[in-house]
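Undergrad: Curious how this folds, go ahead:
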Amino acid sequence: MARVETITVPSQSTTRVGREETIPRWSRRARLTLGVLTLGSVGLFALTALAVTLLMVLSPDITRERTYAPLHFVLIFAAIADYMLTLFYIWFASQNPRITHRAAWIVGMIVAPWVTQPMYWYAHVLNAPYVGDPTRDHPVPGRTAGAPA
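TA: Numbers count the residues shown, from 1 in each chain. Predicted coordinates:
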């Protein structure tokens, strides 16, 4: 008869993160850069939309000449940047094992991204725990087969 050996695998540490979760591996600088991009996109879009609206309301004669047309390019750029950020934030929310109400976050990012993205960035990106550094934050729980997604 053939001899069968059993191999014991040690349990995983509590600082291990699921393979697909990326935010805990980000440095503080990367998290702040994403925050600047997020808040910058929101601010750029809001300021440009306000400027176009004020130009149309305060000087109706100028609006016929389309002197505010360059602002539309800025507005389009801000909208495209926000759509790209929305894709990233939906990806982040779908892979975060510590998040509750995942569907509400994703719907919020689709319906009202200028409100939801800064909130998600503050709550789940800036304050996400760091991998392998228990002195800076709490250990990140690993994903298990029975854990709710």
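Undergrad: Relative to Val57, how far out is Asn96?
TA: 42 Å (C-beta to C-beta, to the nearest Å). Every residue, glycine included, has its C-beta placed from N, CA and C.
Undergrad: out of those two, which sits in the busier spot?
TA: More neighbours surround Asn96 than the other of Asn96 and Val57, with 22 against 9 (other C-beta atoms under 10 Å).
Undergrad: the longest helix in this structure is where?
TA: Using DSSP state H to assign secondary structure, the helix with the most residues in the chain is helix 28-58.
Undergrad: how about it: buried residues?
TA: Neighbour-count burial for helix 28-58 flags Arg31, Leu34, Gly35, Leu37, Thr38, Ser41, Val42, Leu44, Phe45, Thr48, Val52 (criterion: 16 or more other C-beta atoms under 10 Å).
Undergrad: can I get those residues in TSV with pLDDT?
TA: What follows is those, written out as TSV (pLDDT from 0 to 100):
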residue	pLDDT
Arg31	88
Leu34	91
Gly35	92
Leu37	91
Thr38	91
Ser41	85
Val42	84
Leu44	84
Phe45	80
Thr48	81
Val52	76
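Undergrad: Now render those as TSV, adding distance to Tyr130.
TA: As requested, the buried residues of helix 28-58 are exported to TSV (distance: C-beta to C-beta, whole Å):
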residue	distance to Tyr130
Arg31	10
Leu34	15
Gly35	16
Leu37	20
Thr38	20
Ser41	25
Val42	26
Leu44	30
Phe45	31
Thr48	36
Val52	42
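Undergrad: how much space between Ala103 and Phe92?
TA: For Ala103 relative to Phe92 (C-beta to C-beta), the value is 14 Å.
Undergrad: coming back round to it: pick the one among the buried residues of helix 28-58 closest to Arg3.
TA: When these are ranked by distance to Arg3 (C-beta to C-beta), Arg31 comes first, at 52.4 Å.
Undergrad: Surely the closest one is in contact with Val125?
TA: Yes: applying C-beta atoms under 8 Å, one finds Arg31 in contact with Val125, separated by 5.5 Å.
Undergrad: anything in contact with each of these two?
TA: Ile23 (C-beta atoms under 8 Å, 6 or more residues apart in numbering).
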